[in-house]
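**Student:** Let me see the structure of the following:
(chains A, B and C)
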Amino acid sequence: MAVKERMSGNEAVAFAMKQINPDVMPAFPITPSTELPQFVSSYIANGEMDTEFIPVESEHSAMSAAIGAEAAGARTMTATSSAGLALMWEMLYVAASNRLPIALAVVNRALSGPLNINCEHSDSMGARDSGWIQIYAEDNQEVYDNFIQAYRIAEHKDVMLPIMICQDGFIISHGVSNIELLEEADVRNFVGAYEPAHYLFKEGESMAVGPYAVSAYGMEAKRAQAEAMKNARQVILDVAEEYKKISGREYGFYEAYRLSDADYAIVAIGSVCGTIKDAVDALREKGIKAGLLKVRVFRPFPGKELADALGHCRAAAVMDRCEGFSANGGPLAAELSAALFQAKSRMEVVNIVYGLNGRDFTVDDAEKLYQDLARLSEHGNQETEAYRYIGLRD
Amino acid sequence: MTQINETTRWQDLTEGLQIYEPATAKDFLTGEWRTCTPVTDEEKCRQCLLCVPYCPDSCIPVKDGKRLEFDYDHCKGCGICAAACPFGAISMKEGK
Amino acid sequence: MKQLTEIRWHGRGGQGAKTAALLLADVAFSIGKHVQGFPEYGPERMGAPITAYDRISSQAIRVHSNIYEPDFVVVVDDTLLHDVDVTRGLKKDGAVLINTEKEKEEILPLLNGYAGAVYAIDAKKVCMETLGKYFPNTPMLAAVVKVSKVMEREVFLSEMEASLRHKFEKKPEVLEGNKKALAMAFEEVKLYRDREVKR
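**Tutor:** Modelled structure (predicted):
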C-alpha cells in the first residue's frame, strides 16, 4: 500500500534511510545536505532506527570511517554536498577501488568559488571518474526511489561498487511536494540483508583490504574494477524492473519524454527536466515536435542507449549544470557527443551551460532553446555558438 | 586460496586485490635479496639477545630464552645485528 | 479554483515566511491538492528580505523554477514595501495581501502602481487578542486562504484544527488560541482597493 505524503527531497531520502536502516552512518554536516544526518540522528534518538551514527570531524573522515565500516562488513551510508564531497575526494577512489558498496546521498551544490550554497552539478561531476555509480533525480519521488534501489545495485556480487544518489540542492532538497512512499516492510524486503562474501569481521577468515599493488598488478586491478562498472549496467536495469513491481514506477538509464517522434531534443539531468517537460507540452500544442531526454544514470554512462534514443532527432541541446573549464563544453555534452560520434550521428548538437550557482531556468528559457534548435537545424550551426550559456547577462 | 602472481589475468584477481588469509608476508622470501650473510660464532655469543630487537625483519627467532639460527628465508643481510652485538659474535660474510 | 495557483511570499529572515509557505502547502496537500512549497535561499541572515513560494494545483506539478508571475503575493512585513518591489510580475487579476497596521492611504502609494486588488490584515492585532504573542504565521495563513480562495473556509479551519490538535497535543490552551487566531483572521482581512474592472 503506497502512502501519499508531502516531503522535501531531504526528508524523502532520510525517510528511505530510516526504512532501510543501514548499520552505520558517519557524517559531517554541510549545506544543503545537513538535514540528512539531522533527520537520521532524530530517528535514532526516537528509537526508529538502530543505525550507528558516527559524528566525525570532516568529510575526509566521514568517508574514511565509511570505508572502515563497510570493509568490516557493515552496510554503510553517508551524505554530503559541494566542498564536503571535494574533501572526500581521496577517499572516494579508495572506496571504489576496494570495492566497498557504500551509499552516498549527494545534495548537489556549487563548488567554490565564488562561495555559493546553491544548486550546481560541479561537485558530483567532478567526482565522475572516481569509480562510483552515479544516479540523478528529477524530484523528491525519484530521489526516494533511487535511494531504495541503491544498495541492491551497489551490493550486487557482479558490481560491488559504491553509489552516489544525487538530488538538486535546495530546488529538490528543500522544496516540499507530493510523494508516494512505500511501506517499510516492503522496502526492507526489497533491499534485503547485506551478506558480503568477504569482510574484516567475518569469523574464521582473516583479510587484508587495500594492499599495495606494484605495476605488475595495478593495471589488472583497474581493468577488473572497470568491468564491475560495466556489469552495473545490467544490474541497474534488473533492479529497476524489480522495483517497478513493488512501486509501479518505471526507471532505466534515462527517461524519454515525448521523444520518439521529436525533431528537437533537450538532454538534461536533474530538476530542470520537470521545467523542460512543461515547455515540451506547450510547444507540442503549437505543433513543434519537442522532446526531452532525461539522463538518470551518469555512471556507468549509457552512451549507446542515449545516442540511440536521440538518433532520429534533427538537433539536440545538451545541458550541463556545470562549467567544466575544459574550454570545450561541459561533461554531459562531451560524453554524449563522443557517443553520438560512435553512433555515426550527424545531428546538430549544442552544449548549453545553465543554472550555475543556483541561477534559475524557466519554462520560457526552455521554449526559446527549442526554437533555437529549430533554427539551427534549418541553417546549420552558423548563427549559434556550439557551446554557450543560458541565463547569463551578456 | 588460488595463487595470484605476476602472470595472473585480470579476470582471476580478487576484488580490490583483497587477500583472504593472514600472514602472507612470510611466503615472500626477502632472503633472496641478500648479498651479505650474518654468521654467529657460538663460542662468543653470550645469549644476551640484544640482536633480537635490533633486527628490522624479525629474523632472529628465540626459543626458551635462547636465540636460534637466523631465518635466512627472510634475512636481507643488513648487518645491523653484527653492529649491535657487544661481543663481536656476529660477522658478515660475502654472499648468501 | 483554477487549475494552478501560484503564490509568492515576501518576509524577513527569521519571521517565518518560509514556514508559513510550507504550512500552506501542507494544508493544501491535506485536502488532496498537488503542492510545491519552497524557499529561495540566499545568505541566511536575520532580517534580510527573503522570498518563498507555493504552487497549488489539481494536477501534478513538474516545473522547478521560481515564480515570476504569481497569482497572489503575501507580504509578511510592511517595511519591505520600501525596499522590495513586491508586486513585480503579479497578475492584474490577482491580489496582494499585506500584513500591516497602516491605513490604505499610506500603503497604496508603495505598490508601484499595481492595478490589481490589495488586501490588508493586522496580524499583530489578531495575535495579541488571541495568542498574547506575536506569531504572524497563523493569521497570515488564514488570510491568504481567504484572499486566494485555494480552499473553503470551513475545510481550512477543520484541517488546521486537526493539524494543530496533533501539534499541541500537550498544550490544549495553545490550541484554543490558535483556533481563535485563524477564525479572527478571516474576519480581519480588509479590502484596501479592488482591482480595476476591465473586461
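**Student:** quick one: the helices in chain B?
**Tutor:** Assigned helices in chain B, in chain order: B:51-54, B:80-84 (criterion: DSSP state H).
**Student:** Sorry, wrong one. I was asking about chain C.
**Tutor:** Using DSSP H, helices in chain C cover C:17-30, C:104-107, C:123-130, C:137-148, C:153-167, C:172-188.
**Student:** can I get the CA coordinates of the fourth one in CSV?
**Tutor:** So the one you mean is helix C:137-148. Taking Å, rounded to 0.1, in the frame of the first residue of the first chain, the C-alpha atoms of helix C:137-148 are listed here in CSV:
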residue,chain,number,x,y,z
ASN,C,137,2.2,33.0,10.6
THR,C,138,-1.1,31.8,11.9
PRO,C,139,-3.3,34.7,10.9
MET,C,140,-1.4,35.2,7.6
LEU,C,141,-2.1,31.6,6.7
ALA,C,142,-5.9,32.2,7.3
ALA,C,143,-5.8,35.5,5.4
VAL,C,144,-4.1,34.1,2.4
VAL,C,145,-6.6,31.2,2.2
LYS,C,146,-9.4,33.8,2.3
VAL,C,147,-7.9,36.0,-0.4
SER,C,148,-6.7,33.3,-2.7
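**Student:** what angle do that helix and helix C:153-167 make?
**Tutor:** Helix C:137-148 runs at 160 degrees relative to helix C:153-167, counting by axes from the mean of the first three to the mean of the last three Cα atoms, to 10 degrees.
**Student:** average pLDDT for helix C:137-148?
**Tutor:** The pLDDT scores in helix C:137-148 average 95.
**Student:** Please apply the same query to stretch C:157-164.
**Tutor:** 90.
**Student:** Next to chain C, which bits of chain A? Give me the list.
**Tutor:** A:6, A:32, A:117-118, A:139, A:168, A:170-172, A:174-178, A:271-272, A:274-275, A:277-278, A:358, A:360-363 (Cβ under 8 Å from any Cβ of the partner chain). For every residue, glycine as well, the C-beta is placed using N, CA and C.
**Student:** Just the buried ones among these, please.
**Tutor:** With neighbours counted by 16 or more other Cβ atoms under 10 Å in any protein chain shown, the residues of chain A next to chain C contain buried members at A:6, A:32, A:117-118, A:139, A:168, A:170-172, A:174-178, A:271-272, A:274-275, A:277-278, A:358, A:360-363.
**Student:** Poorly predicted segments of the chain, please.
**Tutor:** Picking chain A for this. A:381-384 (pLDDT under 70).
**Student:** Let me rephrase: I mean chain C.
**Tutor:** Checking chain C against pLDDT under 70 turns up C:1-2, C:43-44, C:197-199.
**Student:** I'd like to know how far the spatially most central residue of it sits from residue C:124.
**Tutor:** Centroid check for chain C by Cα atoms, centre = their mean gives residue C:144 as the closest residue, at 4.1 Å. As judged by Cβ to Cβ, to the nearest Å, residue C:144 and residue C:124 stand 16 Å apart.
**Student:** Residue A:139 too?
**Tutor:** Counting by Cβ to Cβ, the gap from residue A:139 to residue C:124 is 38 Å.
**Student:** Please apply the same query to residue A:42.
**Tutor:** Going from residue A:42 to residue C:124 by Cβ to Cβ gives 33 Å.
**Student:** Also residue B:68?
**Tutor:** Applying Cβ to Cβ to residue B:68 and residue C:124 gives a distance of 92 Å.
**Student:** So these two - more neighbours on which side?
**Tutor:** Shown here are residue B:68 and residue C:124; by other Cβ atoms under 10 Å in any protein chain shown, residue C:124 has more neighbours (15 against 11).
**Student:** now the more buried one, nearest residue through space, not along the chain?
**Tutor:** The shortest distance from residue C:124 to any non-neighbouring residue, by Cβ to Cβ, 6 or more residues apart in numbering or on different chains, is to residue C:134 (5.6 Å).
**Student:** list the contacts for the closest residue to residue B:51 other than its chain neighbours?
**Tutor:** Closest residue to residue B:51 apart from its sequence neighbours, by Cβ to Cβ, 6+ apart: residue B:81 at 4.1 Å. For residue B:81, the contacting residues are B:38, B:51, B:54-55, B:60, B:90, by Cβ atoms under 8 Å, 6 or more residues apart in numbering or on different chains.
**Student:** so residue A:171 is in which element?
**Tutor:** Counting by DSSP states H and E, no helix or strand carries residue A:171.
**Student:** That one: what's it in contact with?
**Tutor:** A:119, A:271, C:38, C:64.
**Student:** what's around the residue of chain C at minimum distance from chain B, how many residues?
**Tutor:** Nearest residue of chain C to chain B, counting by Cβ to the nearest Cβ: residue C:64, 38.9 Å away. Applying other Cβ under 10 Å, we find 27 residues neighbouring residue C:64.
**Student:** Quick one, grab the pLDDT at the closest residue to chain C within chain B.
**Tutor:** Nearest residue of chain B to chain C: residue B:16, at 38.9 Å (Cβ to the nearest Cβ). The confidence metric pLDDT takes the value 95 at residue B:16.
**Student:** Looks like residue A:19 contacts residue A:188 (just checking).
**Tutor:** Yes - counting by Cβ atoms under 8 Å, residue A:188 is a contact partner of residue A:19 at 6.8 Å.
**Student:** These two: who's more crowded?
**Tutor:** residue A:19 (22 against 14).
**Student:** quick one: contacts for the more buried one?
**Tutor:** A:148, A:182, A:184, A:187-188.
**Student:** Phi, psi for residue A:257 please.
**Tutor:** phi -110, psi 110 (degrees, to the nearest 10).
**Student:** quick one: it and residue A:292 touch, right?
**Tutor:** Yes - Residue A:257 is in contact with residue A:292 according to Cβ under 8 Å; the separation is 4.1 Å.
**Student:** Columns distance to residue A:378 and mean pLDDT on top of the helices of chain B, output as a markdown table?
**Tutor:** Putting the helices of chain B into a markdown table (distance: least, Cβ to Cβ, whole Å; pLDDT from 0 to 100) gives the following:
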| stretch | distance to residue A:378 | mean pLDDT |
| --- | --- | --- |
| helix B:51-54 | 84 | 97 |
| helix B:80-84 | 82 | 97 |
